[in-house]
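Peer 1: Need coordinates for the following:
(one chain, ligands or ions: 1)
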Amino acid sequence: MYKLYSYWRSSAAFRVRIALNIKKVPVEIIPVPLTSKDVNLDLQLLRNINPAGAVPVLTNGDISLTQSLAILDYLEECYPTPSLLPSDKVERANIRALAQDVACDMHPLNNLQVLRFLLKTMKVSKEQKDDWVVHWLQNGFTRIEEKLSRRHIKEGQFVLGNQISLFEVCLIPQVRNAIAVNLDFSSYPLIRSIYDKAMTLPEFIKASWEQQSDYGK
Ligand SMILES: N[C@@H](CCC(=O)N[C@@H](CS)C(=O)NCC(=O)O)C(=O)O
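Peer 2: Predicted structure coming up:
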C-alpha cells in the first residue's frame, strides 16, 4: 500500500494526489503539518524519510520517492492508463515543458521555505513578501497564457482537449495558490477556464485543499 506524506496546502503534494486519483491508485495520505506549532517534531520525522524535509514523499515498502515530478513520472510508468501524456513525442515534450513552466519556474520562487527566508532572514515586510508572490505568479501565468493562446486552446478545454495531462496536474495547485491570494485572473482567461473545468472533476475535487483531513491546520 502506498503512503503519501502530504500537506493540504502543498502544491507539490497536491499534484501527486491528483495523479494518484486519475490513475486510481489506492493510497494512505499521511498529513505533515508544515506550518503548525508542532512543526519541529513532524519535520524531524519527515527528514528521516526525505533529507530535504519536504513533501511530497511517496513510499511503499522499501520504496521512498521524493520530488513531485519524479513521482509523477514513476506513476506514469507504473500505471500508464489513463496516460497524462500524448503519444506524439514532440507533443509530449510540449506538455512536459508546460508542466515545468509551473513546477520548475513558478513554484520554487513562492514555496514555503523561500517565503519564510524572505520574512525571517531578509526581514522583508509582509507587504513586500505578498508583492513578491504576486509578481512571480503573474510572471509565470503570463507566459503560460501566451503559450495556451498560441495553441488555440478554447475556453472550456484542457490543453489536450478533454484529456487531463501532466500540465493540468501541475497547473491546478498553482492556480489554487493564486486564488488564495486573490490574484486577478482577468488577463488569464484560458488558465482560469482550465481550472474551472478541472474542479468539476472528482479526481481534482478529492485532491483539493478542502478535502484533506488536515485542511486548515
Ligand atoms: N521540488 C519539490 C518541492 C517540494 C517542496 O518545496 N515542498 C514544500 C511544500 S510545497 C515543503 O514541503 N516545504 C517544507 C517546508 O517549507 O518546511 C517537489 O516538486 O516535490
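Peer 1: packing partners for the lowest-mean-pLDDT helix or strand in the chain?
Peer 2: Least confident helix or strand of the chain, by mean pLDDT, DSSP states H and E, is helix 39-49 with a mean of 77. On a contact count with 3 or more CB pairs under 8 Å, 6 or more residues apart in numbering; DSSP states H and E, helix 39-49 meets strand 57-60. For every residue, glycine as well, the C-beta is placed using N, CA and C.
Peer 1: name the helices or strands packed onto the strand it packs on?
Peer 2: If you count contacts as 3+ CB pairs under 8 Å, 6+ apart, strand 57-60 packs onto strand 2-6, helix 39-49, strand 63-66.
Peer 1: Let me see the mean pLDDT of it.
Peer 2: In this model, strand 57-60 has an average pLDDT of 97.
Peer 1: coming back round to it: check the offset of the least confident helix or strand of the chain from the chain's centre.
Peer 2: Here helix 39-49 shows a centroid-to-chain-centroid distance of 21 Å under the convention CA atoms, centre = their mean, to the nearest Å.
Peer 1: now the angle from it to strand 2-6?
Peer 2: Compare the direction of helix 39-49 with that of strand 2-6 by axes from the mean of the first three to the mean of the last three CA atoms, to 10 degrees and you get 140 degrees.
Peer 1: Which positions within helix 39-49 qualify as buried?
Peer 2: 42-43, 46, 49 (16 or more other CB atoms under 10 Å).
Peer 1: Stretch 90-102 now?
Peer 2: So stretch 90-102, judged by 16+ other CB under 10 Å, has buried residues 92, 94-96, 98-102.
Peer 1: Up against the ligand, what does this structure have?
Peer 2: 10-12, 34, 53-56, 67-69, 103, 111-113 (CB under 6 Å from any ligand atom).
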